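Trainee: next input, structure requested:
(5 chains, ligands or ions: 5)
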Amino acid sequence: MSSLTALFMRDFRLAIRVGGGGGIGVLFFLIVVTLTPFAIGPDLALLARIGPAILWLGALLASLLTLDRLFTADYEDGSLDLVLMADTPLELAVAAKAAAHWLTTGLPLVIATPLLGLFMNLDAGASAAVALTLLAGTPALTFIGLIGAALSVALRRGGLLLAVLVLPLTVPVLIFGVAASNAAIIGPLPFGTPFTILCALTMISLVVGVFAAAAALRQGME
Amino acid sequence: MSSLTALFMRDFRLAIRVGGGGGIGVLFFLIVVTLTPFAIGPDLALLARIGPAILWLGALLASLLTLDRLFTADYEDGSLDLVLMADTPLELAVAAKAAAHWLTTGLPLVIATPLLGLFMNLDAGASAAVALTLLAGTPALTFIGLIGAALSVALRRGGLLLAVLVLPLTVPVLIFGVAASNAAIIGPLPFGTPFTILCALTMISLVVGVFAAAAALRQGME
Amino acid sequence: MQAYQDVAMRLEASSLACVRGGREVFSGLEFTLGGGAALLITGRNGAGKSSLLRMLAGLVRIAGGQLTLTGGDPERTIPEQAHYLGHLDALKPSLTVAENLGFWARYLGGGAAPATALATVGLAALADLPAAYLSAGQRRRLSLARLVSVKRPVWLLDEPTAALDREAQDVLADLLKRHLAGGGLVVAATHGPIGLDGAQELRLGAPA
Amino acid sequence: MQAYQDVAMRLEASSLACVRGGREVFSGLEFTLGGGAALLITGRNGAGKSSLLRMLAGLVRIAGGQLTLTGGDPERTIPEQAHYLGHLDALKPSLTVAENLGFWARYLGGGAAPATALATVGLAALADLPAAYLSAGQRRRLSLARLVSVKRPVWLLDEPTAALDREAQDVLADLLKRHLAGGGLVVAATHGPIGLDGAQELRLGAPA
Amino acid sequence: MPLIDLANPTRYLQLSGRALPWLIAITAAACVAGLYLTANAPDDYQQGATVKIMFIHVPAAWLGMFGWAMMSAAALGTLVWRHPLADVAAKAAAPIGAAFTFLCLVTGSLWGRPMWGTYWVWDARLTSVLLLFLMYLGVIALWRTVEDPSRAARAAAILTLVGAINLPIIKWSVDWWNTLHQPASVIKMGGPAIYSTILIPLLVMAIAFTLLFMTLHVAAMRNEILRRRVRTLMLMQAQTAPGSGA
Ligand code: HEM
Ligand SMILES: Nc1ncnc2c1ncn2[C@@H]1O[C@H](COP(=O)(O)OP(=O)(O)OP(=O)(O)O)[C@@H](O)[C@H]1O
Ligand SMILES: Nc1ncnc2c1ncn2[C@@H]1O[C@H](COP(=O)(O)OP(=O)(O)OP(=O)(O)O)[C@@H](O)[C@H]1O
Ligand SMILES: [Mg+2]
Ligand SMILES: [Mg+2]
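Mentor: Ligands and ions are numbered 1, 2, ... in the order given. Have a look, this model is predicted:
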């Protein structure tokens, strides 16, 4: 256990330390969401209509793109070799890293959402609903992205390839995330149904993501 | 001159070679655009209304995110040291790299646009208009992104930081790109005005981008 | 120094083969190494020295043959009982020297306090410096500190003297001797002397 | 080998100072090096050897003092007349050995055909292999080939023997001798012998 | 032909070399028969001659999905049994599956123009096929990205399997999204709900397309095996060439 805490703490520290990745995700999220009105034009009704969708798309991109170097950085400096040689099960190590990542990237997205809701002309209740769905859904994005991050080590390639491989897998999360938000905002469907499915998707992706990522890392070692 | 050709050809080859980044940008563009209806819902009229905006946002992200490692990769393997030591002016070397990048990433985006226009329920004329604006505007995105790519060497950080630094600078390009597209599609403004401004922006960013990137690289060396 | 196990350890390779990138690097490799002994792997560039070490560390697939460690902890695999010191130093530039070492000591289940280990390799004064500021040899010394702070019986060293100055080479030689005296095993790839007398040598054949 | 210039070259440093990461690494450094001579920089880990070389290569800012090269091409800066061989090999893994070398030869304004250079360092047979497949020493040899294929009078070498086997070390020593015989200059940071007799030595003081 | 014989690439080359001409012949015959039946099928009273697009569209859709199923099976072979032929099978299937999926998309769009008045709608079925196509492109990009085929194989296998979990989920999206597209009428509980004048040519075309898939796949696998041999030979030559030492 102590070794997992150590790994979690190290990744957490790396992210919040000057130059770490924490914060960048939120900034990216903020910028992408604020760019949208520039592209679409300042039509308030339209913005409110597509607000939850834009927020979810922004969060999706911010989550996946920050995952890019989660394992690659460890691979390139040789840390991954040592992690693979340790007696801590790789699945747990992967989960610890994912937890640190979500805490430093996913959670800030959730916290920033009410603010952005303002820009998107959403009322307080609607913003809260979107934030709640993001709270339930962003872990799924992290865990799905984990697979891509591990594959990019196995492939010795990073960057967008990861996003390209992983984005199609996030479609169900996106659909139910937006559906739950819209259900809360405009109805007529009950909020509970899509939200429950969203939570279920998060659980499933936790298991699948962690195991697939660990498998990919093991396979990636030649 | 021959040394610039050599650099251009090397970068071009790296991009299209097995494992290069060429093609990934287009795929990302395709996927981001495809994801949008999942989030927004399959409302054809709405999609046609925001189609040019989505296409421009997708192209913007695809351009910037592929630029990520343009200089960082060279820095990490020591190539950049040698490029800095060569007698070829750094500005020209930077421009040669940018040209190779645009040819392997920006141009494919332009070519893919008519296809995506179909998905967005744009008619042939509208698609052509968007493609034309992208043809004029994506070089600007590449050159602006260049600054971020160079800064991320100077700062020893890559990934999203670049996007965060550079996205705000791309706002004018985005606004006039979408404005020109919409002018061509729905009027009432003449297409020429925003399009001319877009071309002017591209020219300016060529000069500014190349010089700023070269300066950032020089400063980045300690 | 105390012995690792009551039973003497023994690392055995029989008809080991290695394939990298679709090419056979070596095959039919045999060696036996008892506790307290060192094996120097030599050979030309590309002969497969690093590959062999990574294979022992479980980082390259064994394409044929067998590797066995007797007398070690039966519950753990060979990599779990080994230290691997490769060309990369497993350091995070933004963490300090002490934080870097402290992390590995905790993650690998450390023994000696990191401070002692840093003093051993002569980095005590730099403990609070970010690792980004280290010179090539200082990074290497920090890697050596890992060997000291976490106790593992098998040491796999890939050109351990690279970038080290004379003094650090002496520190390394000293560490090696103490490790061997405690019954540990050392397998090192090298192009030159590493300060161990009477070590076995395994010369890998052929390539570029 | 032909001399680089009619006038003998001369590299001079006067009261050179170096600051890295806000800390002074050295100051008041002086040396003079004539054409045909080699300067070995030695010193403990972190003494500033690599920093000095990178300073000569124009890659680290000169914090104080002066560097002058007389007798070279007056139109070009020192870095433009120098080869720098650092810890990194400037290779692209997905390009082949020949493509990698060919690119640098063309970019740096190459002389000798890449094929000859590859033969010199013993990599001729690997010309069409992607660089990703090279071992540590093979990569290093490929870096050496750059010195051969593009003619530049000043060679700045950071631990050039690292990862090289005996044979390749001999090749390097040979290259160095021919370069010096042609009136070239060599500045090398090293912890051991690099096969040059009678080279000047500059010992950098103090740190870790 | 016991399956175990195929397990070795050399054996596979021999056997498939003998079988390939026959496969080609049967495929050609089936295609001719299918096209003949298609040409003679009656026009639909509503849709006119455009209904004939269906005879290409529907089998293409089936085979597009079949391709991914096949890759998933091969992926298991790669991960569980580390079988070299499984890698080859998966790699060879990807472009063919992508091509059929693309054919489905194109014919569907062409059909959509007269039927729905637009080439494309964001209907659940259509979108899920588009996503399938994009996933194919992702896998192909992955294969193209990695030099070392066995490493690429393992990565692609993991991605294929994860993608396979996602496919049915995408398909169910029909239930969450309003849909324009024809619901399943051939393959459904209680037997096909379609006239036999249309059903028979459709089934023949489906058989022809399946044979076409198989033939292309066998040929592509042969190419891939040979390509790998050439690569290995090149690498071996590089290693053993005289003077590769110094
Ligand atoms: C690009 C657009 C289209 C795509 C991607 C598409 C996709 C598909 C797919 C995947 C199937 C197989 C369904 C299954 O067996 O589960 C299918 C079947 C079918 N499609 Fe399309 N389709 C498109 C356009 C159209 C259009 C415009 C029509 C005509 C109105 C049409 C009519 C049919 C019919 C009749 C079937 C057979 C259904 C059955 O019997 O199972 N499709 N299509
Ligand atoms: N990038 C850097 N930023 C800040 N400080 C640095 C950096 N690189 C090195 N230093 C510091 O500068 C000093 C000199 O480092 P340098 O790499 O020149 O030493 P060196 O003599 O080459 O040592 P070695 O024998 O270990 O290679 C060291 O104290 C080191 O901590
Ligand atoms: N990642 C890799 N992929 C494919 N082939 C590789 C890889 N790394 C090394 N090789 C090949 O394997 C062989 C052995 O390489 P290895 O690194 O083990 O050599 P080495 O004995 O350590 O050489 P050196 O003295 O240069 O370090 C070489 O021929 C090399 O080309
Ligand atoms: Mg080696
Ligand atoms: Mg140094």
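Trainee: ramachandran angles for C:G21?
Mentor: In terms of degrees, to the nearest 10, the main-chain angles of C:G21 are phi 50, psi 40.
Trainee: can you pull the pLDDT of it?
Mentor: Among the per-residue scores, C:G21 holds a pLDDT of 74.
Trainee: now do the contacts for it.
Mentor: With contact taken as Cβ atoms under 8 Å, 6 or more residues apart in numbering or on different chains, C:G21 is in contact with D:A132, D:Y133, E:E147, E:D148, E:L235. Every C-beta, even on glycine, is put in place using the N, C-alpha and C of the backbone.
Trainee: so which of those residues belong to helices?
Mentor: Using DSSP state H, the members of the contacts of C:G21 that fall in helices are E:L235.
Trainee: mind picking the two most distant members of the contacts of C:G21?
Mentor: Spatially, the most separated pair among the contacts of C:G21 is D:A132 and E:L235, at 12.0 Å (Cβ to Cβ).
Trainee: of these two, who's got more company?
Mentor: The neighbour comparison of D:A132 against E:L235 (other Cβ atoms under 10 Å in any protein chain shown) goes to E:L235, with 20 against 17.
Trainee: chain neighbours aside, what residue packs nearest to that one?
Mentor: Computed as Cβ to Cβ, 6 or more residues apart in numbering or on different chains, the closest residue to E:L235 that is not its neighbour in sequence is C:R23, at 4.7 Å.
Trainee: now that neighbour: how far from ligand 5?
Mentor: Noted for C:R23: a distance of 33 Å to ligand 5, by Cβ to the ion, to the nearest Å.
Trainee: pLDDT score assigned to the residue nearest the centre of chain E?
Mentor: Here the mean C-alpha position of chain E is nearest to the C-alpha of E:G97 (Cα atoms, centre = their mean), at a distance of 2.5 Å. pLDDT, E:G97: 95.
Trainee: show me what contacts it?
Mentor: E:G97 sits next to E:L63, E:G64, E:F66, E:G67, E:W68, E:M70, E:M71, E:Y136 when contact means Cβ under 8 Å, 6+ apart.
Trainee: put the alpha carbons of stretch E:155-164 into CSV.
Mentor: Listed next in CSV are the C-alpha coordinates belonging to stretch E:155-164 (Å, rounded to 0.1, in the frame of the first residue of the first chain):
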residue,chain,number,x,y,z
ALA,E,155,-1.3,-3.0,-29.3
ALA,E,156,-3.8,-3.3,-32.1
ALA,E,157,-5.2,-6.4,-30.5
ILE,E,158,-6.0,-4.6,-27.3
LEU,E,159,-7.5,-1.7,-29.1
THR,E,160,-9.6,-4.1,-31.3
LEU,E,161,-11.0,-5.9,-28.3
VAL,E,162,-11.9,-2.7,-26.4
GLY,E,163,-13.5,-1.4,-29.6
ALA,E,164,-15.5,-4.6,-29.9
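Trainee: redo the contacts of C:G21 as CSV? Include distance to ligand 3 and pLDDT.
Mentor: Formatted as CSV, the contacts of C:G21 follow (distance: Cβ to the nearest ligand atom, whole Å; pLDDT from 0 to 100):
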residue, distance to ligand 3, pLDDT
D:A132, 6, 83
D:Y133, 4, 83
E:E147, 8, 68
E:D148, 7, 73
E:L235, 9, 70
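Trainee: check whether the helix or strand of chain A with the lowest mean pLDDT comes near chain D.
Mentor: Among the secondary structure pieces of chain A, namely its helices and strands, helix A:160-166 has the lowest mean (mean pLDDT, DSSP states H and E), a mean of 79. No. Using Cβ under 8 Å from any Cβ of the partner chain, helix A:160-166 never reaches chain D; the gap is at least 13.8 Å.
Trainee: quick check, the helix or strand just after that helix touching chain B?
Mentor: Moving toward the C-terminus from helix A:160-166, the next helix or strand (DSSP states H and E) is helix A:171-186. Yes. With Cβ under 8 Å from any Cβ as the measure, helix A:171-186 is seen reaching chain B through A:V171, A:L174, A:I175, A:V178.
Trainee: picking that back up, skipping its backbone neighbours, what lies nearest the residue nearest to the centre of chain E in space?
Mentor: E:G97's closest residue in space is E:G67 (Cβ to Cβ, 6+ apart), at 2.2 Å.
Trainee: just the helices in chain E please.
Mentor: E:3-6, E:9-40, E:54-81, E:84-116, E:124-145, E:149-176, E:196-240.
Trainee: among these, which is the most enclosed?
Mentor: Stretch with highest mean neighbour count among the helices of chain E: helix E:124-145 (a mean of 23; mean count of other Cβ atoms under 10 Å in any protein chain shown).
Trainee: low pLDDT regions in chain C?
Mentor: Low-confidence regions of chain C, defined by pLDDT under 70, span residues C:1-7, C:110-112, C:206-208.
Trainee: closest residue of it to ligand 3?
Mentor: C:G21 (2.8 Å; Cβ to the nearest ligand atom).
Trainee: quick one, grab the pLDDT at the residue positioned nearest the centre of chain A.
Mentor: Among the residues of chain A, the one closest to the centroid is A:S63, at 3.3 Å (Cα atoms, centre = their mean). Among the per-residue scores, A:S63 holds a pLDDT of 89.
Trainee: how near is E:W22 to chain D?
Mentor: Taken as Cβ to the nearest Cβ, to the nearest Å, the spacing of E:W22 relative to chain D amounts to 39 Å.
Trainee: again, but for A:L4
Mentor: Where chain D is concerned, A:L4 sits at a distance of 33 Å (Cβ to the nearest Cβ).
Trainee: swap in A:V208?
Mentor: Shown here: A:V208 relative to chain D, a distance of 31 Å by Cβ to the nearest Cβ.
Trainee: doesn't C:G58 lie inside a helix?
Mentor: No. Note on C:G58: no helix contains this position according to DSSP: H, G, I helix; E, B strand; the rest coil, which reports coil.
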